[in-house]
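Student: Next one to model:
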Amino acid sequence: MEVDYTITSLIDSVKRRCSVPTAQSLFQNTDFAKLLSEEMQSIIVPIIMSEQEDYFIHYKDMTIDGTTKEFRIPDRAIGGKLKDVGFYNSAGDTLNLRPRLSIDDYGNSRGNFVSELTGYYLRDNKIVFKPAPNNTGETLRVYYYRRPSNLVQLSESGKITAIDGQTVTIDTVQSTWSTANTFDLIRGRGMFQSLGDDLAAAVPSSSSLTFTETLPTDLAVGDYVALAGKSPIAQIPYEAHHLLAQLGAIKVNEALGDMQGMQMAQSKYDVLVNAMIRSINNRVDGSPRKVTNRSGVFTAHGKYF
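Tutor: Have a look, this model is predicted:
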């Protein structure tokens, strides 16, 4: 039997963990989805990020036109946090990473180090080059930590049943969807990562959408379509789903005034969080990660000058 990774299974797990009475009216399924989204974003995601095992990494390519100096950090970057920035050459499939500098290095009394090192600095939510990069045939590739989408019910998404070119057939197209919306494509298994964000599509019928962009090659039957920023599956490792359900149980017990149940749920959470961390850290056991000092004096001299 296929494993159910969706919000439906997650909510059922919360209810089992805190024995929610069937007659209660405090929490509807939409309330559970909102509560679990908040717990995921505020607690689960920071825990996973703290392990520094490169979960959530996505990239976005931005056009280099020779005049643009400032590039906005992707809206879905967790805390506006970047992994790396570089110039990508598609012809040679090469990435020339650039050094992050400080705003103090621009207009320094000893010279404009931002220009001399062809690096960048961050100003609020922008990546700033001085002067504008003019690398012909290259794009600015920004690696960032993508924020998992907020949870919605299965009834607010569609499961892909067929793919034909840029048209996907899903079990149900929501009546509220229109060409004014943009959509995300969510993998239905594995790490549940986004396969496409903010994609435009025509909504010609009750069972299909035709996207304006070429669909990712790894999109498959069983994946999901949802409005941009939404997902029917928690986009965190499956091992963290149980921890998320336990957090939900703590909040429900608190809302119901069951202090004893809340304390018991908290004790169970303390056990689960340590187990989850052991499951997700050191992602490659057989090959310890090599640490390279890319920002050292000698490395920087050879790479950036």
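Student: going forward, measure contacts between C-alpha atoms and count neighbours the same way
Tutor: OK.
Student: residue ranges with poor pLDDT in this protein?
Tutor: Along the chain, the parts satisfying pLDDT under 70 run over 1, 21-25, 108-111, 204, 288, 290-305.
Student: Looking at it, which strand is longest?
Tutor: strand 77-89 (DSSP state E).
Student: Give the buried residues for that strand.
Tutor: Neighbour-count burial for strand 77-89, counted by 16 or more other CA atoms under 10 Å, picks out A77, I78, G80, L82, V85, G86, F87, Y88, N89.
Student: for stretch 37-53, same thing?
Tutor: Neighbour-count burial for stretch 37-53 flags S37, E39, M40, Q41, I44, V45, I47, I48 (criterion: 16+ other CA under 10 Å).
Student: Which ones among those lie within helices?
Tutor: Counted as lying in helices by DSSP state H, out of the buried residues of stretch 37-53, are S37, E39, V45, I47, I48.
Student: Make CSV out of those and add distance to S102.
Tutor: CSV is the format used below for those (distance: CA to CA, whole Å):
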residue, distance to S102
S37, 35
E39, 34
V45, 28
I47, 28
I48, 28
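Student: ok, what's across the strand from the residue nearest to the spatial centre of the chain?
Tutor: With distances taken as CA atoms, centre = their mean, R146 lies nearest the centre of the chain, 3.0 Å away. Going by DSSP bridges, R146 is paired in beta bridges with A77.
Student: cool, T94 as well?
Tutor: Note on T94: beta-bridge partners by DSSP bridges are N89.
Student: mind checking how far it is from A201?
Tutor: 32 Å (CA to CA, to the nearest Å).
Student: got a list of what I57 touches?
Tutor: Residues near I57 by CA atoms under 8 Å, 6 or more residues apart in numbering: K83, Y143, Y144, Y145, R146.
Student: how about TSV for those residues, with distance to A226 added?
Tutor: Shown next, in TSV, are the contacts of I57 (distance: CA to CA, whole Å):
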residue	distance to A226
K83	27
Y143	24
Y144	22
Y145	20
R146	17
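Student: for the strand or helix carrying V14, packing partners?
Tutor: Here V14, judged by DSSP states H and E, is contained in helix 7-18. Contacting helix 7-18 under the criterion 3 or more CA pairs under 8 Å, 6 or more residues apart in numbering; DSSP states H and E are the following elements: helix 29-39, helix 238-255, helix 259-280.
Student: Quick one: closest of the ones you listed to I127.
Tutor: Proximity to I127 (CA to CA) singles out helix 29-39 among the helices and strands packed on helix 7-18, at 28.4 Å.
Student: For the stretch 101-250 of the chain, which segments are assigned as strands?
Tutor: 121-123, 126-128, 138-146, 150-151, 157-164, 167-170, 182-186, 194-202, 208-211, 224-227, 230-231 (DSSP state E, counting those that start in this stretch).
Student: Which one, of these, ends up nearest to C18?
Tutor: strand 150-151 (20.2 Å).
Student: Other residues contacting the closest one?
Tutor: I7, A33, K34, L36, S37, G229, K230, S231, P232, I233, A234.
Student: Any chance of a markdown table for those residues, columns distance to I103?
Tutor: Shown next, in a markdown table, are the contacts of strand 150-151 (distance: CA to CA, whole Å):
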| residue | distance to I103 |
| --- | --- |
| I7 | 44 |
| A33 | 41 |
| K34 | 39 |
| L36 | 39 |
| S37 | 36 |
| G229 | 32 |
| K230 | 36 |
| S231 | 38 |
| P232 | 41 |
| I233 | 40 |
| A234 | 37 |
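Student: Report the buried residues of stretch 202-211.
Tutor: Quick answer for stretch 202-211 (16+ other CA under 10 Å): A202, V203, S207, S208, L209, T210, F211.
Student: Also stretch 91-101?
Tutor: Quick answer for stretch 91-101 (16+ other CA under 10 Å): L95, L97, R98, P99, R100, L101.
Student: got a list of what the second one touches?
Tutor: Contacts were defined as CA under 8 Å, 6+ apart; by that measure L97 touches D84, V85, G86, F87.
Student: Cool, thanks, talk later.
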